[in-house]
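**Q** Got a predicted model here, sequence first, then my questions.
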Amino acid sequence: MVGYSGAQPFVIEPGREPEWLVAGLTVVPAQRRRGIAARLLREVVEKRHSAAPIAPVFSVINAQNLASLRLHDGIGFEEIGRAATYARIDFTGGEGVLLRKRAALDSRMISRYHLVGGGHDDERADPWTE
């Protein structure tokens, strides 16, 4: 095994509903800098978006981990917050960065998702931009 990753539903901040959170994006040191982490992260995002086409995927990164921040940025994650604690992870002496990857859907895909009962008919505000 050279690396692993996945996603799980998790309450990122108290009082919010569970969201899909990247869990354990890890590559063994001898295998780093070969694109493995990017492939793992893309696969996690693709699997989550194929299962729930309009649900975003989140990731929490230590702000000092510049390589991981660059990786997530290159895959299309956007920074939406910084705090000392996210997803019950305490960033002692630092801060965590909350990142979000929105689903890339066109209107036909969203309509199809609604027709098969996967979506909600109401227009919900993005709770992460309140």
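**A** Yes, it's here. Remember, it's a predicted structure, so these values are computed and weren't measured experimentally.
**Q** Please count neighbours and contacts with C-alpha atoms only from this point.
**A** Fine.
**Q** Now do the contacts for the spatially most central residue of the chain.
**A** Per CA atoms, centre = their mean, the C-alpha nearest to the average position across the chain is that of residue 58, at 2.3 Å. When contacts are counted by CA atoms under 8 Å, 6 or more residues apart in numbering, residue 58 touches 19, 20, 21, 22, 98, 99, 100, 101.
**Q** pretty sure the fourth one is in contact with residue 44, am I right?
**A** Yes. Look at residue 22 against residue 44 with CA atoms under 8 Å: they come within range, at 7.5 Å.
**Q** Going by residue numbers, what spans are strands in the chain?
**A** 3-10, 19-27, 57-62, 78-83, 85-86, 89-90, 96-101 (DSSP state E).
**Q** right, and these - which one's nearest residue 40?
**A** Nearest to residue 40 among these is strand 3-10; the distance by CA to CA comes to 6.3 Å.
**Q** just the angle between that closest one and strand 19-27, please?
**A** 160 degrees (axes from the mean of the first three to the mean of the last three CA atoms, to 10 degrees).
**Q** and strand 3-10, how far out from the chain's middle?
**A** Put simply, strand 3-10 sits 9 Å off its chain's centre (CA atoms, centre = their mean, to the nearest Å).
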